[in-house]
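Q: here is the input, now give the coordinates:
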Amino acid sequence: MVIAIIAILIALLLPAVQQVREAARRVQCKNNLKQFGIAFHNYHDVYGMFPKGGFFGNLGTPAMQAANAPSRICSWGAALLPYLDQAPLYHQINFDQWYLDPVNQPAAAHHLTVFVCPSNPSSDQKKPNGDNIGSPDRYGRSDYGGNWGERGLRCFPGTNCQNNYGAGGAGRGVVMHITEPSVSSSEVTDGLSNTVFLGEAPEALHGLWMGHKNFFDQSAPLNARNDTFSNTQFASCQVPPGSSLIGRLGCDFGQEFHSHHVGGVQFLLGDGSGRMVSENLDMKVFSALLSRRGGEVIGEF
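A: You can find the predicted model right below:
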């Protein structure tokens, strides 16, 4: 009888303990975002603009890396290192070469805790380059991605929304492609407190802190899963039958914000605050948060 009572008590207490632990992990996850917020603004104070995201080209082979040589770029994660107490690591990087180059692999392989959300159940501290996942080379993981904007959310179920503002073709977010104009705080006319800078994406294919594609344009609801949305109008969630992506978190697995938290995803807003955003948030409101100068009026969210 005593053993049975103890077993019942343990069964009752265990979920509560797990909830407390997850709450602590979520707080740490948000604190990481706040550190990034301070780093973004310190970078802006020095350079008069926010760091760019990287480069969307494929770097899967040395030939592709060589072909894209003129576009070598420091990712937003690497650019922020001096403002995250990682100046020595920053100075180890040769910014004339890709992070995939042997000269940069030792630096790029560093595991940095500020880039990792404790709620991520994966124990892997390093990941392969998303353009060449079969390579044995591993790089430091990032559970956070930059906001390049959105495509398709603000006019769903229509499909005629572009992921830019028209002229110039630049993304609607803040973390830009290397070839796009830089973004300063004065160009975030929707207001810093109404604009997403970074968000969680722990399963992103290109989720590396020094990775060249670790910034996204959202095209599906938060926390959308491939197995749930495989027959949906959200094109980024449609994957071929038999694909290894089916059943994985993150929709098109590299361009969508998602998390391992129940019910939502945490984001860094431009004012430096961290916010949990519900996965049930209206998509037009969500798309407004992802645009820097869309002119939308956002209420409470």
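
Q: just the strands from the stretch 1-150 of the chain, written as ranges.
A: 126-127, 139-140, 144-150 (DSSP state E, counting those that start in this stretch).

Q: and the longest one, how far from the chain's centre?
A: If I follow you right, that is strand 144-150. 6 Å (Cα atoms, centre = their mean, to the nearest Å).

Q: tell me which strands that strand pairs with, and in which orientation.
A: strand 196-200 (antiparallel), strand 215-218 (parallel) (DSSP bridges).

Q: if we can go back for a sec, any idea which of the strands of the stretch 1-150 of the chain is most buried?
A: strand 144-150 (a mean of 28; mean count of other Cβ atoms under 10 Å). (Glycine included, C-beta is placed from N, CA and C.)

Q: shaky segments in the stretch 1-150 of the chain?
A: 1-2, 4-23, 70-73 (pLDDT under 70).

Q: which residues in it form helices?
A: 2-47, 62-67, 76-79, 87-90, 105-108 (DSSP state H, counting those that start in this stretch).

Q: ok so, going back, same list, the strands of the stretch 1-150 of the chain, but as TSV with distance to G272 please.
A: Formatted as TSV, these follow (distance: least, Cβ to Cβ, whole Å):
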stretch	distance to G272
strand 126-127	28
strand 139-140	24
strand 144-150	15
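
Q: among the ones you listed, which comes closest to G295?
A: G295 sits nearest to strand 144-150 of all those, at 14.3 Å, using Cβ to Cβ.

Q: which residues sit against the closest one?
A: Contacts to strand 144-150, defined as Cβ atoms under 8 Å, 6 or more residues apart in numbering, come from residues 32-33, 36, 53, 76, 115, 117, 161, 163-164, 171-177, 195-201, 204, 207, 214-219, 257, 268, 286-287, 290-291.

Q: stretch 47-66 too?
A: Contacts of stretch 47-66 (Cβ under 8 Å, 6+ apart): 40, 43-44, 68, 71-76, 79-80, 98, 100-101, 129, 131-132, 146, 148, 174-178, 180, 182-185, 197, 211-215.
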